[in-house]
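Participant: here you go, sequence then predicted model.
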Amino acid sequence: MNLFDVKDRVIVITGATGVLGRAMVHHFAEEGAKVVILGRNEQVGNQLADEAVKAGGTAVFYTTNVLDKERLEQNYADIMERFGRIDVLINGAGGNMPGATIAPDKTLFDLDLEAMRQVVDLNLFGTVLPTMIFARAMVEQKQGSIINIASEAGLRPLTRVAGYGVAKAAVINFTKYMCGELATKFGPGLRVNAIAPGFFLTEQNRTLLTNPDGSLTPRAETILAHTPFKRFGEPEELLGTLQWLASDASRFVSGTLTVIDGGFDAFSI
């Protein structure tokens with residue numbers, strides 16, 4: 001028996017149209033899973049599903065808003081009608097806003113509270129709401145794996161990203177809470193874990209870490225100086241951990257946080 005096999009499992013991925021989400025979609029489709037792509041960009045989502053199907057996989061895209069309960073309920077109904085079950089939920093939706101950051105020339109008193117509230121809503125409640133909706137199928141099945149995408153910023157305070165770090169720290173706490181909540185009330189077949197990616201180049205942080213000519217910004221140079229691997233992560237380097245958490249290989253694993261950061265969190269001088 002291949003403990004890491006995910007063939008025919010229905011894997012729902014929110015925020016799937018981003019750089020990291022696209023890598024997840026292609027990987028799990030290639031592994032034989034039935035992938036449900038959830039995102040806001042219909043054109044990108046449909047193109048991503050088409051690419052996965054043309055490569056021999058099974059994938060479908062549904063437009064969503066992770067803060068819209070009614071839309072998520074419709075997504076749930078569509079998924080259940082098409083596949084009849086949900087085996088894995090990857091809560092990948094998230095993001096940041098300039099107003100929720102504190103630049104070097106600014107202070108706490110310049111923080112835009114409305115922007116910070118929106119960042120917390122997207123990253124925290126954009127994880128809570130999909131969990132509330134899609135975990136219902138797992139409860140009925142007595143089995144399922146939820147994987148939350150946290151962040152290095154949720155582990156230790158990083159400069160600038162005030163709102164984002166607070167929200168991701170809450171996601172880590174929510175992960176541990178839901179581990180006990182689901183298993184004790186609905187059975188040990190329900191698992192909740194999180195991963196904390198370190199620094200990966202995405203559309204969200206590209207302008208913060210690279211200059212227009214592709215060279216590194218001073219912030220990026222500082223990050224790499226504190227990363228033992230001396231480089232940013234590649235999206236594909238998340239996939240092994242995700243495969244493990246989505247499969248029976250992690251059957252007794254719940255409430256954990258796996259850090260994938262090239263050693264950044266462990267490094268000090």
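Facilitator: That came through fine. Numbering: from 1, shown residues only.

Participant: in the stretch 1-150 of the chain, which spans are helices?
Facilitator: In the stretch 1-150 of the chain, the helices defined using DSSP state H, counting those that start in this stretch lie at 19-30, 42-54, 69-83, 113-120, 126-141.

Participant: what's next to the second one, contact-wise?
Facilitator: Which is helix 42-54. 16-17, 22, 25-26, 29, 35, 37-39, 58-63 (CB atoms under 8 Å, 6 or more residues apart in numbering). All C-beta atoms are positioned from the backbone trio N, CA, C, and that covers glycine.

Participant: list the contacts for the spatially most central residue of the chain?
Facilitator: Nearest to the mean C-alpha position of the chain, by CA atoms, centre = their mean, lies G92 at 2.5 Å. G92 sits next to I13, T14, G15, A16, G18, L20, G21, M24, I149 when contact means CB under 8 Å, 6+ apart.

Participant: give me the distance between R156 and A196.
Facilitator: 10 Å (CB to CB, to the nearest Å).

Participant: quick one: the strands in the stretch 151-269 of the chain, in order.
Facilitator: Ranges of strands within the stretch 151-269 of the chain are 190-197, 257-260, based on DSSP state E, counting those that start in this stretch.

Participant: deepest-packed of those, please.
Facilitator: strand 190-197 (a mean of 24; mean count of other CB atoms under 10 Å).

Participant: partner strands of it, with direction?
Facilitator: strand 144-149 (parallel), strand 257-260 (parallel) (DSSP bridges).

Participant: give me the contact list for the longest one.
Facilitator: So the one you mean is strand 144-149. Contacts for strand 144-149 (CB under 8 Å, 6+ apart): 15, 20, 86-92, 94, 127, 131, 135, 137-138, 171-172, 174-175, 178, 182, 189-195, 197, 242, 245-246, 250.

Participant: then the shortest one?
Facilitator: For strand 257-260, contacts defined as CB under 8 Å, 6+ apart pick out 150, 152, 155, 172, 175, 193-198, 233, 237-238, 241, 245, 265.

Participant: contact partners for L242?
Facilitator: M24, H27, F28, I90, I147, I195.

Participant: how about the helix or strand of the chain with the lowest mean pLDDT: buried residues?
Facilitator: Lowest by mean pLDDT, DSSP states H and E among the helices and strands of the chain is helix 206-209, with a mean of 85. Judged by neighbour count (16 or more other CB atoms under 10 Å), helix 206-209 contains these buried residues: L209.

Participant: tally of neighbours for the nearest residue to V6 once chain neighbours are set aside?
Facilitator: Ranked by CB to CB, 6 or more residues apart in numbering and with sequence neighbours excluded, the top spatial neighbour of V6 is A33, at 4.8 Å. A33 has 25 neighbours, counted by other CB atoms under 10 Å.
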